[in-house]
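Trainee: fold the stuff below for me.
(chains A and B)
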Amino acid sequence: MFRRSEQDKRPQVQIFVDGTAVAARQGDTVSAALLASGCDARRSTAVSGAPRLPYCMMGVCFDCLVTIDGVGNRQGCLVPVAEGMQIEIQKGKREIGK
Amino acid sequence: MTVAPKREAYDVVVIGAGPAGLAAAATSAEAGLSTLLLDENIGPGGQVFRAISSTPVTDRNQLGADYWVGADLVQSLRASRAEIIHRATVWSLDRNLEIAVSIGGASAFLKAQRVILATGALERPFPIPGWTLPGVMTAGAAQTMLKSSALVPDGRTVIAGQGPLLWLLAAQILRLGGRIDRILDTTERGNYFAALPHAFAFLTSPYFTKGLSMMREVKAKVQVVSGVTELSASGDGQLANVSYVAGGKRETIPADLLLLHQGVVPNVNLAMAAGIEHRWDDLQLCWSPVLDASGNSSVAGIAIAGDGAGIGGANAAVVRGRIAARAAVEALAPAVATKLAPMATLRADLAKAERGRVFLDTLFRPAPQFRIPTGDTIVCRCEEVTAKDVLDAVAIGATGPNQLKAYRRTGMGPCQGRLCGLTVTELMAQARGKTAQEIGYYRLRAPVKPITLAELAAVPKSEADVKAVVRG
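Mentor: Numbers count the residues shown, from 1 in each chain, chains lettered A, B, ... in the order given. Prediction:
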């Protein structure tokens, strides 16, 4: 859906998406890294289970909700990637304790 | 790397580090007022100047000269003594100018003598059939990724809608080597005639020549279909096709990515939750705060600058930021105000920056069928409520957006009405034969962004606070 422009010379950052290593770039948001990765990053909604991807990328739509380092319902478009970050694609509601 | 505010009280707290917020905070701090700028994003710039300090797109021609203006604003701010905190989400602002802000999972509470809200705009909802499918995004979303991560559309890409941002985005995608298969222009034909009386101001504004050359640049490379009157997206769990009607003829094309845009509207949540009076704007078709010429709102001590004050664009936002900050300086340190640019000069700058706006608003007024959906089209993305659901609730007695919450939970999901509020107001107004002003909007309350119960529970509390709620 998206690809990186060749002029992007930012250093790589390794994150893990459902346990699989993914190369992101320093300064990417979690949502941008997921959309650039080619992974199936579709979450499913809490109400009907419908698949969704980020819609607005600016913090207002909440369709980028994702579990980051064990904490659920984070807005992936507002959180920068960090080395070793563990991302889980959230299926349905946030789980208690996450 | 969490940075808490250095003080508990400031002369001026500015919320939002876009064009208005950057200008306001720099002006206030240069005048010697203790100034805190709180911003939700990773770095300064807001949406227009997003990633201005970190963008990997280094060829200045690709993002254009209007983008790089932001670098000067950031430089002025950094040269001032303003304190700046990013990744700070303000979740409450009240009439006593008390602010609650979440930073790194912990909340801090602040008091300000003046607050300048510069929370900007968001893209108008574009509720067409299939707009919740993965692969359908806003044009602004694609632009955000382009600026901050040099990402460009790669698969079969369709851009649909209208307005200056749409053409700017298309030009930027092409300059970075991205792919656009087709542009579907939804501008209503009648709008060209309606806008004609306002054309002179626009023709003599800087927007005109820039806009024209950008449209030429895009049209030379991409097929543009104008006069689109119907639009829908379809696919099984993922966008597969975009279908549209232009000149009475339906066409369906395969697509991996559909980028939607029909203008921007003020981001009103924090201002409304603070109790600031808003009115329905019949030209811009959105809620705008009621403000005086210095940006002061109906709540004493709170001013609004930038697109949150009514859509005016980046240049106007910068000037509005300076005006609101100057007014704060006049109120708190009148002796220093004489050193700042005179108010008359700033007002003249604003008039210049707003030139041509009425033309743009009239020409790019979105068509009713793209604002007021029907049938199974989703209105509220969070709670998955359709247009039919809303109309059914009206039929059995729902009178306005707040009653509708009890019937259908619209606006009660995490986005708090940001993506459905305008649609709900206009849909209910149409169904009940009322004006949008009469129908009203959601009653917004803090927290205006979700925070965890753990964070609330960890808030420092006095013995009296605990006694007030604990029995026995």
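Trainee: where does the stretch 351-472 of chain B dip in pLDDT?
Mentor: Residue ranges of the stretch 351-472 of chain B with pLDDT under 70: B:472.
Trainee: quick one: the helices in it?
Mentor: Here the stretch 351-472 of chain B has its helices, by DSSP state H, counting those that start in this stretch, at B:357-363, B:368-371, B:387-395, B:401-408, B:421-432, B:436-439, B:453-457, B:463-469.
Trainee: do the fifth one and chain A meet?
Mentor: Spelled out, that is helix B:421-432. No. Judged by C-beta under 8 Å from any C-beta of the partner chain, helix B:421-432 stays clear of chain A, getting no closer than 11.1 Å. From N, CA and C alone the C-beta is placed, and that goes for glycine too.
Trainee: and what of the third one?
Mentor: No. Helix B:387-395 is not in contact with chain A by C-beta under 8 Å from any C-beta; minimum separation 12.2 Å.
Trainee: helices or strands up against that helix?
Mentor: strand B:378-380, helix B:401-408, helix B:421-432 (3 or more C-beta pairs under 8 Å, 6 or more residues apart in numbering or on different chains; DSSP states H and E).
Trainee: next, count neighbours for residue B:248.
Mentor: The number of residues packed near residue B:248 is 7, by other C-beta atoms under 10 Å in any protein chain shown.
Trainee: point me to the residue of the stretch 201-350 of chain B nearest chain A.
Mentor: Using C-beta to the nearest C-beta, the single residue of the stretch 201-350 of chain B nearest to chain A is residue B:237, 4.8 Å away.
Trainee: quick one: residues contacting the closest residue to that residue other than its chain neighbours.
Mentor: In space, and not counting its chain neighbours, residue B:237 is closest to residue A:51: 4.8 Å by C-beta to C-beta, 6 or more residues apart in numbering or on different chains. Residues counted as contacts of residue A:51 (C-beta atoms under 8 Å, 6 or more residues apart in numbering or on different chains) are A:42-45, B:133-134, B:237-238.
Trainee: and residue A:51, how close does it get to residue B:130?
Mentor: Distance, residue A:51 to residue B:130, using C-beta to C-beta, to the nearest Å: 12 Å.
Trainee: give me phi/psi at the residue nearest to residue B:237?
Mentor: The phi and psi values for residue A:51, taken as degrees, to the nearest 10, are phi -70, psi 140.
Trainee: who does it bridge with?
Mentor: Taking DSSP bridges as the rule, residue A:51 bridges to residue A:44.
Trainee: show the pLDDT at it.
Mentor: The model reports residue A:51 with a pLDDT of 98.
Trainee: for residue A:65, see how far away it is.
Mentor: Going from residue A:51 to residue A:65 by C-beta to C-beta gives 13 Å.
Trainee: shared neighbours of those two, anything?
Mentor: Residues within reach of residue A:51 and of residue A:65 at once, by C-beta under 8 Å, 6+ apart, are residue A:43.
Trainee: what's the neighbour count on the residue lying closest to residue B:394 once chain neighbours are set aside?
Mentor: Counting by C-beta to C-beta, 6+ apart, the nearest residue to residue B:394 once its immediate chain neighbours are dropped is residue B:431, at 4.6 Å. Applying other C-beta under 10 Å, we find 17 residues neighbouring residue B:431.
Trainee: in chain A, where is pLDDT below threshold?
Mentor: In the prediction, chain A carries no residues with pLDDT under 70.
Trainee: read off the pLDDT value for residue B:208.
Mentor: pLDDT, residue B:208: 85.
Trainee: in which helix or strand would I find it?
Mentor: Using DSSP states H and E, the element containing residue B:208 is helix B:206-219.
Trainee: now the helix or strand that that helix is followed by: average pLDDT?
Mentor: Using DSSP H and E, the helix or strand that follows helix B:206-219 in sequence is strand B:223-225. In this model, strand B:223-225 has an average pLDDT of 98.
Trainee: next, the buried residues of strand B:223-225.
Mentor: Residues of strand B:223-225 classed as buried: B:224-225 (neighbour count, 16 or more other C-beta atoms under 10 Å in any protein chain shown).
Trainee: and the strands in chain A?
Mentor: A:2-4, A:12-17, A:20-25, A:43-44, A:51-52, A:65-68, A:71-75, A:86-88 (DSSP state E).
Trainee: from the chain's centre, how far out does the fourth one sit?
Mentor: Strand A:43-44 sits 11 Å away from the centroid of its parent chain (C-alpha atoms, centre = their mean, to the nearest Å).
Trainee: tell me what that strand is packed against?
Mentor: Using 3+ C-beta pairs under 8 Å, 6+ apart, strand A:43-44 is in contact with strand A:51-52.
Trainee: and if you look at the second one?
Mentor: If you count contacts as 3+ C-beta pairs under 8 Å, 6+ apart, strand A:12-17 packs onto strand A:20-25, helix A:30-37, strand A:86-88.
Trainee: tally of neighbours for the residue of the stretch 301-450 of chain B found nearest chain A?
Mentor: When scored by C-beta to the nearest C-beta, the stretch 301-450 of chain B has residue B:414 as its residue closest to chain A, at 4.0 Å. Neighbours of residue B:414 under the rule other C-beta under 10 Å: 18.
Trainee: now swap in the one 3 residues further on and tell me
Mentor: The burial metric for residue B:417, expressed as a neighbour count using other C-beta under 10 Å, is 25.
Trainee: does it really touch residue B:411, like I thought?
Mentor: Yes. The pair residue B:417 / residue B:411 is scored as a contact, 3.6 Å apart, by C-beta atoms under 8 Å.
Trainee: so what's the residue most central in space within chain B bridging to?
Mentor: Centroid-nearest residue in chain B, with C-alpha atoms, centre = their mean: residue B:121, separated by 1.5 Å. Legend: beta-bridge partners of residue B:121 under DSSP bridges are residue B:266.
Trainee: which of the strands of chain A is buried the deepest?
Mentor: Burial of these is given as mean neighbour count (mean count of other C-beta atoms under 10 Å in any protein chain shown); strand A:65-68 ranks first at a mean of 22.
Trainee: what about the strands in the stretch 201-350 of chain B?
Mentor: Counting by DSSP state E, counting those that start in this stretch, the stretch 201-350 of chain B has strands at residues B:223-225, B:228-234, B:241-246, B:249-254, B:257-262, B:264-266, B:278-281, B:286-289, B:302-304.
Trainee: so the fourth one, near chain A or not?
Mentor: No. No part of strand B:249-254 sits close enough to chain A to count as contact by C-beta under 8 Å from any C-beta; the gap is at least 13.8 Å.
Trainee: contacts only, for residue B:85.
Mentor: Counting by C-beta under 8 Å, 6+ apart, residue B:85 has contacts B:3, B:5, B:36-39, B:101, B:103.
Trainee: may I ask which of those residues has the most neighbours?
Mentor: The residue in the contacts of residue B:85 with the most neighbours, by other C-beta under 10 Å, is residue B:37 (29 neighbours).
Trainee: can you tell me the SS state at that residue?
Mentor: strand (DSSP: H, G, I helix; E, B strand; the rest coil).
Trainee: now the residue nearest to it when sequence neighbours are not counted: how far from residue B:157?
Mentor: Spatial nearest neighbour of residue B:37, excluding adjacent residues (C-beta to C-beta, 6+ apart): residue B:25 at 4.1 Å. Note on residue B:25: its distance to residue B:157, by C-beta to C-beta, is 37 Å.
Trainee: the two: who's more crowded?
Mentor: Taking neighbours as other C-beta under 10 Å, residue B:25 and residue B:157 compare with residue B:25 leading, 34 against 26.
Trainee: count of neighbours near the residue nearest to the residue of the stretch 301-450 of chain B closest to chain A when sequence neighbours are not counted?
Mentor: Distances taken as C-beta to C-beta, 6+ apart put residue A:62 closest to residue B:414, at 4.0 Å, once the chain neighbours are dropped. If you count neighbours by other C-beta under 10 Å, residue A:62 ends up with 23.
Trainee: quick one: residue A:62 and residue A:76 touch, right?
Mentor: No. Applying C-beta under 8 Å, one finds residue A:62 not in contact with residue A:76, separated by 10.1 Å.
Trainee: what touches both of residue B:417 and residue B:411?
Mentor: B:401, B:424, B:442.
Trainee: most neighbours of all these, which one?
Mentor: Neighbour counts for the shared contacts of residue B:417 and residue B:411 (other C-beta under 10 Å) peak at residue B:424, which has 26 neighbours.
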